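Chemist: what's the 3D shape of this:
(one chain, ligands or ions: 1)
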Amino acid sequence: MSENSNLDTVLGVTIPSRHARGRLARIGPALDAILASHNYPPVIEQLLAEALALTALLGSLLKDPAGQMTLQAQTESGIIDLLVCDYLGGDLRGYVRHDPERLAEAGPSPSLFSLFGRGYLAITFDQPAAKERYQGIVPLESESLAHAAQSYFTQSEQIPSIVRLAARKSESGWIAGGLLFQHLPDGEEGRERLHTRLDHPEWPHVAILAGSVKDEELTDCDLPLEDLAWRLFHEEEEVRTLTPVPLARGCRCDPDYVRSVIARFPPEERAEMVGEDGFIRVDCAFCATDFPIALEDVA
Ligand SMILES: [Zn+2]
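Modeler: Below is the predicted model of the structure:
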């Protein structure tokens, strides 16, 4: 695929007069690279594509360049028992663990509830510079991942928010897009909130404009995100955009790290890990890479 600056990018937007901030994200080649490591059925690819768009939106809210955002959906007995995505400095990765037989029985377009059953979505922000770690959890009882993320902010964070996610498979590959807008009346991102009015008159206006975005716009790789922001908010007094952040597929699995983990086991346990081929096999769930580790290489 040729370079397309409308893909693999996340754009910050602020509407100062309405005390609103937002993010617009679109992923293409990076998404294909992530999905290519796995061999998921279309339903799972669609879900992971949307989850990665959400990951880009949430991750780009981090102020710490070394900050990490992790999205984890977990269930007791759903068709999907685990979905994990994370973000670090524009690098995205993710994977899904599911039961293929039960998925096949669920038909071509199962609801979020039939995929997850009674599940939870955990969103964790890690900001090492500020030594901050924050985790919020919401039940996955909504109709979509976007709604679950929206209720995470509205209910557990008391931040009026709107989230939209879309993904489709085009001729040249998968495209996922997302939009997040929030009302921050104190004008400071992340400051302690003593009181938030969820019925602030500025917010419904922003929510209506942001909510008018169409799935086709979110996933239109010919539509620059700046133009989309302008299309949605052109009647506003002022719309500011931040420097776009490039997104890439990035896995942080590292053979040296894997060796250091194995080295912590007692020698007899290490010897038991060796397979028939003479190597200890360690698999990275995110990128489905198999690392053959030779026992003599473990310090
Ligand atoms: Zn990996």
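Chemist: tell me which element the residue of the chain most remote from its centre is part of?
Modeler: When each C-alpha in the chain is compared with the mean C-alpha position (Cα atoms, centre = their mean), residue 268 comes out farthest, at 39.9 Å. Residue 268 belongs to helix 267-273 when elements are defined using DSSP states H and E.
Chemist: Adjacent strands (with direction) for the next helix-or-strand element following that helix?
Modeler: Later in the chain than helix 267-273, the nearest helix or strand by DSSP H and E is strand 279-284. Taking DSSP bridges as the criterion, strand 279-284 sits next to strand 289-294 (antiparallel) in its sheet.
Chemist: Residues touching the strand it pairs with, excluding its own?
Modeler: Strand 289-294 is contacted from outside by 37, 251, 253, 255, 258-259, 262, 277-284, using Cβ atoms under 8 Å, 6 or more residues apart in numbering. Bear in mind the C-beta positions are built from the backbone N, C-alpha and C, glycine included.
Chemist: which among those gets closest to residue 88?
Modeler: Among the contacts of strand 289-294, residue 251 lies closest to residue 88 (Cβ to Cβ), at 10.4 Å.
Chemist: Got the phi and psi for the residue of the stretch 101-250 of the chain found nearest the ion?
Modeler: Among the residues of the stretch 101-250 of the chain, residue 250 lies nearest to the ion; the distance is 9.2 Å by Cβ to the ion. The phi and psi torsions at residue 250 (degrees, to the nearest 10) take the values phi -140, psi 120.
Chemist: Begin at 429, not 1, for the rest of this chat.
Modeler: Sure thing, new numbering starts at 429, so read that last one as residue 678.
Chemist: Measure how buried it is and give me the count.
Modeler: 18 (other Cβ atoms under 10 Å).
Chemist: Could you report the pLDDT at it?
Modeler: Residue 678 is assigned a predicted lDDT (pLDDT) of 93.
Chemist: do the same with the one 4 residues further on
Modeler: What the model reports as pLDDT for residue 682 is 86.
Chemist: Helix or strand for the closest residue to the ion within the stretch 429-578 of the chain, just tell me which one.
Modeler: Distance from the ion to each residue of the stretch 429-578 of the chain (Cβ to the ion) is smallest for residue 521, at 7.0 Å. Take DSSP H and E as the rule and residue 521 turns out to sit in strand 519-526.
Chemist: still on that earlier bit, would you enumerate the residues in contact with the residue of the stretch 529-678 of the chain closest to the ion?
Modeler: Residue 678 makes contact with 516, 518-521 under the criterion Cβ under 8 Å, 6+ apart.
Chemist: Look at residue 453 and give its secondary structure.
Modeler: Per DSSP: H, G, I helix; E, B strand; the rest coil, the secondary structure class of residue 453 is strand.
Chemist: ok, of the contacts of strand 717-722, which come out buried?
Modeler: 465, 679, 686-687, 690, 707-708, 710, 712 (16 or more other Cβ atoms under 10 Å).
Chemist: And the helix ranked longest in the chain, what does it pack against?
Modeler: With DSSP state H setting the assignment, residue counts place helix 470-487 as the longest helix in the chain. Using 3 or more Cβ pairs under 8 Å, 6 or more residues apart in numbering; DSSP states H and E, the elements in contact with helix 470-487 are strand 448-455, helix 457-464, strand 496-503, strand 508-516, strand 519-526, helix 573-579, strand 589-598, strand 601-611.
Chemist: okay, the angle between the second one and strand 519-526?
Modeler: Okay, so that is helix 457-464. With axes from the mean of the first three to the mean of the last three Cα atoms, to 10 degrees defining the directions, helix 457-464 sits at 30 degrees from strand 519-526.
Chemist: Run a quick neighbour tally on residue 569.
Modeler: Neighbour count for residue 569, taken as other Cβ under 10 Å: 15.
Chemist: Please confirm that it is located within a helix.
Modeler: No. Secondary structure assignment places residue 569 outside any helix; it is coil (three-state DSSP).
Chemist: ok now do the residue lying closest to it once chain neighbours are set aside, which residues does it touch?
Modeler: Distance criterion Cβ to Cβ, 6 or more residues apart in numbering; nearest residue to residue 569, sequence neighbours excluded, is residue 541 at 7.1 Å. Neighbour list for residue 541: 568-569, 571 [criterion: Cβ under 8 Å, 6+ apart].
Chemist: and residue 541, how far is that from residue 656?
Modeler: Counting by Cβ to Cβ, to the nearest Å, the separation of residue 541 from residue 656 is 31 Å.
Chemist: Over to residue 555?
Modeler: With distances taken as Cβ to Cβ, residue 555 is found 29 Å from residue 656.
Chemist: Could you do residue 467 as well?
Modeler: Computed as Cβ to Cβ, the residue 467 to residue 656 distance reads 32 Å.
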